[in-house]
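Chemist: I would like to see how this sequence folds:
(one chain, ligands or ions: 1)
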Amino acid sequence: MKTEEIIAQELNPQEFIKEKVSEISSMVGDGLAINALSGGVDSSAVTMLGHKALGNRLKTYFIDNGIMRKDEPRQIAELFKKLGVHVEVLDAQKPFFDALKGITDPEEKREAVTQTFYKNVFGKLVKESGAKYLLQGTILTDVDETIAGVKRQHNVFEQLGIDPQKAFGYKIIEPLVQLRKDGVRKIAEALGLPKSTYSRMPFPGPALAARVIGEVTPEKIKTVRLATTITEEELASSGAFQYMAILHQDRVTGMRNGKRDFGLQIEIRCWDSIDARTATPTKLPYEVLDKLANRIATEVPGVVSVTYNMTRKPPSTIEAV
Ligand code: XMP
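Modeler: Presented below is the predicted three-dimensional model:
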């Protein structure tokens, strides 16, 4: 498949879709392919491209790794059912939490999620299914940042000299690797996905594990998941590119019911950006921040501090981990 960049302004969605559908068909032949859907715009677009090319010879799985947002597995499976695509939800919470146990280093966390996903959980599925091809929604920004050593994106292999055939036993097809997010959104819309999908904000592959500083435990995920739900509710109308809640490792002194409470800290980030390469904190109205902070401090058990990040990318990055 081609790898040179196509910028969103020069992209012809119908032509692109036609070209990729025919490339996928000829690569897979009459064999089977498999893909994992997370519900994000990239994997949703790949799922639709794959189903156009292969019909039910593409097996689509939602891997419930335990670190997704509230109700995500059920919501995504229902949405795709409406679009005529069967999604198999696989409960894999235990292997992911086991792999994350005791790890505090950000890149080691990414690696733990990657290895568990590709080798342990998905690798097994691929072997059982007899599929020789894995369809994946890697985009150009993932490749750039991984090669530059900024962050090891969970879905980048060949560009790092890792042969997935040797490492995992299957070939990877990446139909979106010439595009950035704005291009993928155009493709997703042209593929008939709903606005809630094609305009959906980005969410990282390592999911909420990227939003917990320090060790990831089921309990911390529960905390950051609840803070995320509130943040997404309160900032839904902000028009921002991406917003998130992050659970810090350090505790700070707070007070509750007149007593000292050495509690948890949540950091809110809300970004204006076009393609995630650079970003600026959104100028949220004070009232919005005030309401959000109050809701998190009242509704999320143990939280005594809520802060708002004011630093641009660079030198910040969008995610904290
Ligand atoms: P950063 O934090 O590098 O994020 O400024 C840029 C964009 O990429 C998303 N992101 C990730 N996506 N796997 C992903 O699939 C990852 O490991 C990862 N890390 C960051 C992030 O949400 C932002 O939109």
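Chemist: residues touching the lengthiest helix in the chain, excluding its own?
Modeler: Identified as the longest helix of the chain according to DSSP state H is helix 218-235. The contact list for helix 218-235 (C-beta atoms under 8 Å, 6 or more residues apart in numbering) reads 66-67, 69-70, 97, 208-209, 211-212, 243-247, 264, 266, 268, 270, 284, 288, 291-292, 295-296, 299-303. Any C-beta I mention is one placed from the backbone N, CA and C, and that applies to glycine too.
Chemist: show the contacting residues for residue 20.
Modeler: 49, 53, 175.
Chemist: no, scratch that, I was asking about residue 1
Modeler: Residue 1 touches 23, 27, 173, 174, 175, 177, counting by C-beta under 8 Å, 6+ apart.
Chemist: hmm, back to that, among the contacts of helix 218-235, which lie within helices?
Modeler: Checked against DSSP H, those include these in helices: 97, 288, 291, 292, 295, 296, 299.
Chemist: residues near the last one, how many?
Modeler: Around residue 299 sit 12 other residues, with neighbours defined as other C-beta atoms under 10 Å.
Chemist: hang on, residue 117 packs against residue 61?
Modeler: No - between residue 117 and residue 61 there is no contact under C-beta atoms under 8 Å: 10.9 Å.
Chemist: and for those two, which residues touch both?
Modeler: With C-beta under 8 Å, 6+ apart, residue 117 and residue 61 have common neighbours residue 36.
Chemist: compare the two and say which is more crowded by neighbours.
Modeler: Between residue 117 and residue 61, counting by other C-beta under 10 Å, residue 117 is the more crowded of the two (22 against 19).
Chemist: for the ligand, see how far away the more buried one is.
Modeler: 11 Å (C-beta to the nearest ligand atom, to the nearest Å).
Chemist: now do residue 199
Modeler: 14 Å.
Chemist: so residue 280 makes contact with residue 269?
Modeler: No - using C-beta under 8 Å, residue 280 is not in contact with residue 269; the gap is 11.2 Å.
Chemist: the stretch 51-200 of the chain: helices as residue ranges?
Modeler: 72-82, 93-100, 106-115, 122-129, 140-147, 164-168, 181-190, 195-198 (DSSP state H, counting those that start in this stretch).
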